[in-house]
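S.K.: sequence plus predicted model, see below.
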There are 2 protein chains.
Amino acid sequence: MIRRLPQARDRGIPEATVARLPLYLRALTGMTERGVATVSSEDLALAAGVNSAKLRKDLSHLGSYGTRGVGYDVEYLIYQISRELGLTQDWAVAIIGVGNLGRALANYGGFVSRGFRIAALLDADPEIVGDRIAGLNVEHIDELEAVMARRGVSIVVIATPAAAAQQLCDRVTAAGVTSILNFAPVVLTVPDGVDVRKVDLSIELQILAFHEQRKADRESGGPVMAEEWQQGASA
Amino acid sequence: MIRRLPQARDRGIPEATVARLPLYLRALTGMTERGVATVSSEDLALAAGVNSAKLRKDLSHLGSYGTRGVGYDVEYLIYQISRELGLTQDWAVAIIGVGNLGRALANYGGFVSRGFRIAALLDADPEIVGDRIAGLNVEHIDELEAVMARRGVSIVVIATPAAAAQQLCDRVTAAGVTSILNFAPVVLTVPDGVDVRKVDLSIELQILAFHEQRKADRESGGPVMAEEWQQGASA
DNA sequence: ATCCCTTTGTGAACACATGCACAAAGTGAA
DNA sequence: TTCACTTTGTGCATGTGTTCACAAAGGGAT
């Protein structure tokens, strides 16, 4: 019965907008490194690969941080977006499963620079436990709950084979974790209030294959619907 | 102004639907392995983690493949979805960049079982070139065009550092590739007609952090209105 | 054949997202 | 101050996606 009323200081930022904020943040970071102090919605949109009206509407959800006739102050906008995304605080992340993918994640620089700290690496394989990766000791999965509590882990990345994922998911949610990034190709079942985001490498390829097939169909004189080619050329 | 008329045999499947088909496919594959012959939209939706009305609407875009009062034939539906996604043909994929991520991708079983064949691994690092990974020789990036042509590569995965990505993207599109899966944290610029899908590991974490922060805010009693920064601060 | 039960496929209402186009608000020059 | 110019922020129209709810279709029992 209670509907979300659109309010001035509405904290309800649309999901689609949230998903793009990191994109803007990255573009802005690049600019500040190149010494750019101020940017227009047009230029920032170009750098982020979206259109400028969308960018302005997205930013308007955070507040009114631009100056008409001038643009946005790069540093200030970085701060505002970071704060909105919660990147001004430090997040302790545990990675479960230290195969190639887990290693790639542990070594990925993009995390650290955005407030994420890899606080623990865990694996079930005794061959791997004890290894030193990205400056961290790989610990045994039996220690999961203890390690998470000790290091204040609040976000967990699951990079294990599919078969182990649900059980590990149950353990981390039981331990109070409410944010999970899942790379295992299974649909995780979680209690209410827990957020799961899923990255599925093979799904992305399947979507590409779908479009690639359509392109191929079209060239070989299939059911060509010429109207789809129209979509105006942007000057 | 010719608009897309809704047609009976409309090949225009909504993007949102395409993105879910691989999910259904995986759930169905699991079922067929467990010997399930027939499944209702309710059960399949549960297994795929969506609601049943959405599932039925999605499937209705492919055609009318269910039986009222009974459900869907698992094998038949697998075939129809596979065909629609273009997985009944073999796709040759090249992976550029053989770091931890490239290795993880090369070893990921989920590709092969879905019609994707890793046909080439390429890297610029002479230390890595010549290594044998997942049954393939790592080749030098100088050979890119020759290797792609020889093996009939039509989908390219970019798993290199950000700095190298755009240049490599230019080379593969120049060579005629029109489907790219990009793991490098940059916005790639491509000619018209080229599809790029992007997987950004740190974006996913940032979205999680946003929601985690909101949960934390809520618990600590209400919307904290701290307007910490004042606009004057920046140069 | 008739009846009852199950489950699909879809029209229609709603919700969310995008993009155009412009008034409002700012800068800088004279 | 006034004018010319730039760029934001947003109302509105349009487009896309989701969900409800039910008629239509099929199965199986009698």
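M.R.: Now that the structure is in, tell me what you want to look at.
S.K.: quick one: pLDDT of A:Leu5?
M.R.: Looking at A:Leu5, its pLDDT reads 36.
S.K.: just A:Val112 next, same as before
M.R.: Model confidence at A:Val112 (pLDDT) stands at 84.
S.K.: mind checking how far the residue nearest to it when sequence neighbours are not counted is from B:Ala209?
M.R.: Leaving aside its chain neighbours, A:Val112 sits nearest to A:Ile118 (7.6 Å; criterion: Cβ to Cβ, 6 or more residues apart in numbering or on different chains). No exception for glycine: its C-beta is placed from N, CA and C like everyone else's. In this view, A:Ile118 and B:Ala209 are 14 Å apart by Cβ to Cβ, to the nearest Å.
S.K.: what's the local residue count around A:Ser179?
M.R.: Using other Cβ atoms under 10 Å in any protein chain shown, A:Ser179 has 24 neighbouring residues.
S.K.: brain fart, A:Arg171
M.R.: Quick note: A:Arg171 (other Cβ under 10 Å) scores 16 neighbours.
S.K.: ok, now A:Pro14?
M.R.: 11.
S.K.: apart from its chain neighbours, what residue comes closest to it?
M.R.: A:His61 (6.9 Å).
S.K.: just A:Leu105 next, same as before
M.R.: Nearest to A:Leu105 is A:Ile95, by Cβ to Cβ, 6+ apart, at 5.7 Å.
S.K.: what does the host helix or strand of the one you found rub up against?
M.R.: Assigned by DSSP states H and E, A:Ile95 falls within strand A:91-96. Strand A:91-96 has contacts (Cβ atoms under 8 Å, 6 or more residues apart in numbering or on different chains) with A:102, A:105-106, A:111, A:115-123, A:141, A:144, A:147-148, A:151-160, A:168, A:172, B:205, B:209, B:212.
S.K.: so which of those residues are in helices?
M.R.: A:102, A:105-106, A:111, A:144, A:147-148, A:151, A:168, A:172, B:205, B:209, B:212 (DSSP state H).
S.K.: mind putting these into TSV with distance to B:Arg197 and neighbour count?
M.R.: Listed next are the ones in helices among the contacts of strand A:91-96 as TSV, based on distance: Cβ to Cβ, whole Å; neighbours: other Cβ atoms under 10 Å in any protein chain shown:
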residue	distance to B:Arg197	neighbour count
A:Gly102	23	25
A:Leu105	19	27
A:Ala106	24	21
A:Phe111	21	21
A:Leu144	33	20
A:Val147	35	18
A:Met148	33	23
A:Arg151	34	14
A:Leu168	28	22
A:Val172	29	23
B:Leu205	19	28
B:Ala209	23	23
B:Glu212	26	20
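S.K.: I'd assumed A:Ala16 was in contact with the residue nearest to A:Pro14.
M.R.: No - between A:His61 and A:Ala16 there is no contact under Cβ atoms under 8 Å: 10.3 Å.
S.K.: the two: which has the busier surroundings?
M.R.: A:His61 (15 against 9).
S.K.: so which elements touch the strand ranked longest in chain A?
M.R.: Using DSSP state E to define each element, chain A has its longest strand at strand A:116-123. Strand A:116-123 makes packing contacts with strand A:91-96, helix A:100-107, helix A:109-112, strand A:136-140, helix A:144-151, helix B:201-219 when contacts are defined by 3 or more Cβ pairs under 8 Å, 6 or more residues apart in numbering or on different chains; DSSP states H and E.
S.K.: each with direction, which strands does the first one pair with?
M.R.: For strand A:91-96, sheet partners with direction are given as strand A:116-123 (parallel), strand A:155-158 (parallel), following DSSP bridges.
S.K.: who in chain A is up against DNA strand C?
M.R.: A:3-4, A:14-17, A:50-51, A:53-54, A:56-57, A:67-70 (Cβ under 7 Å from any atom of the strand).
S.K.: quick one: which of those sit in helices?
M.R.: Using DSSP H, the residues of chain A next to DNA strand C in helices are A:Glu15, A:Ala16, A:Thr17, A:Ala53, A:Lys54, A:Arg56, A:Lys57.
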